[in-house]
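Engineer: Coordinates for the following, if possible.
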Amino acid sequence: MGEVRRRQILEGLLAAMAERGLQRCNMTDVARAAGVSRGILHYYFQNKDEMIGALVAHLKESNFYQFRSQTTEPEAPWEQLAASLWYPVQAFGEQGGILARVWIEFWGLAHRHPAVREFILELQQGLREHFREILERGQVAGVFSAEVRPAALASVILGALEGIMLQWHFDPAGFSFVKELKALEQLLERTLL
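Structural biologist: This is a model prediction of the structure:
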């Protein structure tokens, strides 16, 4: 029960961060989002910084593992690449909003929280490697253009995804997360195939 409750609290922190931002959410917001009392929060975590460190560990072991398994399930390189692009929408809903908001919160927090900074660096390196591997497999299979440099394009793909998240976060009414992902997918299709 302890580990289940701990995960419940971390998911509550994730939801509270996405809704209110880390600076504006407090322990009451986290408790409400998690469906527990404030006393339960303090039983598991002393403060918000300790919860953030635990959230980072939780995201490392659960979400990135889930991302890797879901996006490498298709055998064809193009389907793996498309699954990777669309993962935020498939995992977090039509707008991918939770992921975008939390990712941006983490960027802001990274300069003063070493665990978050390490997580962002590790995740970015892992994502670049993931995209590079897919692109190289596609080239070896003769599916993707041999003219593309996989490592460079992997960085561009990650930058485009982060840019889409950033723009949607600041202008959700004027910017369509789904339409921009579709445009990125079409651009990559023309470039690679």
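
Engineer: Extract the CA atoms of stretch 172-180 and return them as CSV.
Structural biologist: C-alpha atoms of stretch 172-180 as CSV (Å, rounded to 0.1, in the frame of the first residue of the first chain):
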residue,chain,number,x,y,z
PRO,A,172,-3.0,27.1,-26.3
ALA,A,173,-5.9,29.1,-27.9
GLY,A,174,-3.9,30.1,-31.0
PHE,A,175,-1.8,27.1,-31.5
SER,A,176,-2.8,23.5,-32.3
PHE,A,177,-0.5,20.9,-30.8
VAL,A,178,-2.0,18.2,-33.0
LYS,A,179,-1.8,20.2,-36.2
GLU,A,180,1.8,21.1,-35.6
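
Engineer: Please point out which parts of that stretch sit buried.
Structural biologist: 177, 180 (16 or more other CB atoms under 10 Å). In short, each C-beta sits where N, CA and C put it, glycine included.

Engineer: could you give the mean pLDDT of it?
Structural biologist: For stretch 172-180, mean pLDDT is 86.

Engineer: chain center to that stretch: distance?
Structural biologist: Chain-centre distance of stretch 172-180: 17 Å, with CA atoms, centre = their mean, to the nearest Å.

Engineer: And for stretch 139-155?
Structural biologist: Per CA atoms, centre = their mean, the centroid offset for stretch 139-155 relative to its chain is 23 Å.

Engineer: Show me what counts as buried in that stretch.
Structural biologist: Judged by neighbour count using 16+ other CB under 10 Å, the buried positions of stretch 139-155 are 139, 144, 148, 150, 153-155.

Engineer: and the end-to-end length of that stretch?
Structural biologist: Start to finish, the residues bounding stretch 139-155 are 17 Å apart (CA to CA, to the nearest Å).

Engineer: what's that stretch in contact with?
Structural biologist: Identification of contacts with stretch 139-155 by CB atoms under 8 Å, 6 or more residues apart in numbering yields 76-78, 127-132, 135-136, 138, 191-193.
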